[in-house]
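Asks: Below: sequence and its predicted model.
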Amino acid sequence: MSAIRDTAIVGIGQTEFSKRSGRSELQLAAEASLAAIADAGLTPADIDGTVTFTQDANDELELMRCLGIEELHWTARTPFGGGGSAATVQLAAAAVASGAASHVLVYRAFNERSGQRFGQPDSGGQAARLGVDFHFAFGLDTPAKIYSVWYKRYMDRYGVTNEDLGHYVVQARRYAATNPAAWFYERPITLADHQASRWIAEPVLRLFDCCQESDGGVALVVTSLERARDLAPPPVRVLSAAQVHGRGSHMLFNFYEKDLSGFAEAERLGDRLRAQAGLAPSDIDVAMIYENFSPVVLMQLEAHRFCAPGEARDFIREGHIAIDGTLPVNTHGGLLGEGYIHGVNNILEATRQLRGTAANQVKDASTALVAAGRSGMILGRA
């Protein structure tokens, strides 16, 4: 039995990101999956494991038949929405490391704009779910409302304003503007544009602070590092992968934490990831940080110890997350600028950065953090 760090990402694939795909979610999953398998230099018959989200409507057996997979030995799903996006690779890598599967396909696909929209009140009957019904009773019936309660405490404690958040958004859109795969390709914005966008949850979130609602699919393939070295693409090694979920937590937030001005579970996650990989924050070359909303980027920069509590706004304003900064962040434009495929597209961008094929390539990038709130991983060049 090997370790997770003896596994690697060997193939990545995606569809276009749009607001109306014009095809089924199963077709989107199949297109992205076939692209990832081909990128790895494999065939569908080589795939013997799958991982996706509990929220994915695409049944494993239906996708298996569409792709031509002969037999599956491992299936798994991660809950928690985007907060579990990085856990997909942890599950896939664990299957490979344990010998339960040889080549695991990770996929996520939906029509999240033209179909069921997560950003709408009570999307998908969420109020009926145990735990969520408590929040809905207080009028917290959209993600923007739910998360703004948490972000407001952080902003009040450190004096962070919505204009401060705009500096991150402007940088994300700058990256998206030079990424041909991004929905906002060639459409950068200024800080004035950000401040002119309408309020969604005043005084915390404006429209441009919110992730997109996208149609599309993404996929990747995980195998052993030994097998990966015999394949054509340069393997991207999984140096560490972890999850941290505290008592009382839900999705990315936890209203039961004693101090709501930070992201305690992300702090513990970062400590676990770096301990497993034997790295310090300064050893990370590039970071892909899940941002359903802009404030959580600031909170995760601090949680992963790239700057002290309350200092993320200055860290961003001083240019540290730009392409020539000390820690380029979300170089594809992130979920605000490229597309929102539940954060799995962040994993694809980290892979491209370590392959040296990203649209906005960070020079000599050899390590990448993928942070998704309470799940994450550190990837490295093999």
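Replies: Great, that's in hand.
Asks: buried stuff in stretch 242-261?
Replies: Applying a neighbour-count criterion of 16 or more other C-beta atoms under 10 Å, the buried positions in stretch 242-261 are 242-245, 249-254, 257, 260-261. C-beta coordinates here come from the backbone N, C-alpha and C atoms, glycine included.
Asks: Do you have the strands of the stretch 251-382 of the chain handy? List them.
Replies: Along the stretch 251-382 of the chain, counting by DSSP state E, counting those that start in this stretch, strands occupy 286-289, 367-372, 375-381.
Asks: I'd say residue 144 and residue 293 touch.
Replies: Yes: with contact defined as C-beta atoms under 8 Å, residue 144 and residue 293 form a contacting pair (7.0 Å).
Asks: Could you tell me which ranges of this structure sit under the pLDDT cut-off?
Replies: Low-confidence segments of the chain, defined by pLDDT under 70, are located at 1, 119-135, 248, 251.
Asks: okay, now the residue lying closest to residue 266 once chain neighbours are set aside: neighbour count?
Replies: Counting by C-beta to C-beta, 6 or more residues apart in numbering, residue 303 is the residue found nearest to residue 266 once chain neighbours are left out, at 3.7 Å. Residue crowding around residue 303 was assessed by other C-beta atoms under 10 Å; the count is 24.
Asks: Over to residue 195?
Replies: For residue 195, the neighbour count with other C-beta under 10 Å is 12.
Asks: and it, what does it touch?
Replies: 162-163, 166, 206 (C-beta atoms under 8 Å, 6 or more residues apart in numbering).
Asks: what's the most distant pair in these?
Replies: 163 and 206 (9.8 Å; C-beta to C-beta).
Asks: Of those two, which one has the most company?
Replies: For the pair residue 163 and residue 206, the greater number of neighbours falls to residue 206 (22 against 12), based on other C-beta under 10 Å.
Asks: Grab the nearest non-local neighbour of that one.
Replies: What sits nearest to residue 206 in space, not counting adjacent residues and going by C-beta to C-beta, 6+ apart, is residue 197, at 4.5 Å.
Asks: My guess is the one you found contacts residue 210. True?
Replies: No: between residue 197 and residue 210 there is no contact under C-beta under 8 Å: 9.3 Å.
Asks: What's the local residue count around residue 329?
Replies: Applying other C-beta under 10 Å, we find 27 other residues in the vicinity of residue 329.
Asks: and the nearest residue to it once chain neighbours are set aside, what does it touch?
Replies: Sequence neighbours aside, residue 321 is the residue nearest to residue 329 in space, at 3.9 Å (criterion: C-beta to C-beta, 6+ apart). When the contact criterion is C-beta under 8 Å, 6+ apart, the partners of residue 321 are 168, 171, 301, 315, 327-330.
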